[in-house]
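Visitor: pasting the structure only:
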């Protein structure tokens, strides 16, 4: 399969049709949940940036997924600002989910060929997200 990282991630998400969304402060619990999801056929997983250990556990999970489940995408959700997006980009997130439309995050994702999925509630927000480069909202 050829294409950009963004296109490949989008296609895998569309093929999977289900993305678990999860956070836990305990790294072993995180690994167990990812493993159970993988064994159940899930190939896309969104870890959320919702606790003090989020970046630490995401980094551990990314290594675990890379070694144990190389065909699984591990993205990060609840990204609200560019600085946090950059941290998770450095940790090799496969995609970024934002609960809001933040054009600076959209721009960073465009520059890194990374899929950005913003949350939208209105047609105006959907339009803004699409004009900001979102392929999925």
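Guide: In hand now; what should we look at? For clarity, every value in this text was computed on a predicted model and none was experimentally measured. Numbers count the residues shown, from 1 in each chain.
Visitor: which element follows whichever helix in the chain runs longest toward the C-terminus?
Guide: The residue-count maximum for a helix in the chain (DSSP state H) belongs to helix 54-68. For helix 54-68, the succeeding helix or strand toward the C-terminus, using DSSP states H and E, is strand 73-77.
Visitor: Okay, buried residues for that next one please.
Guide: By 16 or more other Cβ atoms under 10 Å, the buried positions in strand 73-77 come out as 73-77. From N, CA and C alone the C-beta is placed, and that goes for glycine too.
Visitor: quick one: it to helix 54-68, angle?
Guide: 170 degrees (axes from the mean of the first three to the mean of the last three Cα atoms, to 10 degrees).
Visitor: I'd like the next helix or strand past strand 73-77.
Guide: Once strand 73-77 ends, the next helix or strand along the chain (criterion: DSSP H and E) is helix 82-90.
Visitor: where do the helices sit along the protein?
Guide: 5-16, 27-39, 54-68, 82-90, 103-111, 123-131.
Visitor: and these, which one is worst for confidence?
Guide: The weakest mean pLDDT among those belongs to helix 5-16, with a mean of 92.
Visitor: Mind giving me the packing neighbours of that helix?
Guide: With contacts taken as 3 or more Cβ pairs under 8 Å, 6 or more residues apart in numbering; DSSP states H and E, helix 5-16 sits against strand 44-48, strand 73-77, strand 115-118.
Visitor: Just checking: what are the partner strands of the last one?
Guide: Spelled out, that is strand 115-118. Neighbouring strands of strand 115-118 in its sheet, by DSSP bridges, are strand 95-98 (parallel).
Visitor: Distance from the strand it pairs with to the middle of the chain?
Guide: In terms of Cα atoms, centre = their mean, to the nearest Å, the centre of strand 95-98 is set 4 Å apart from its chain centre.
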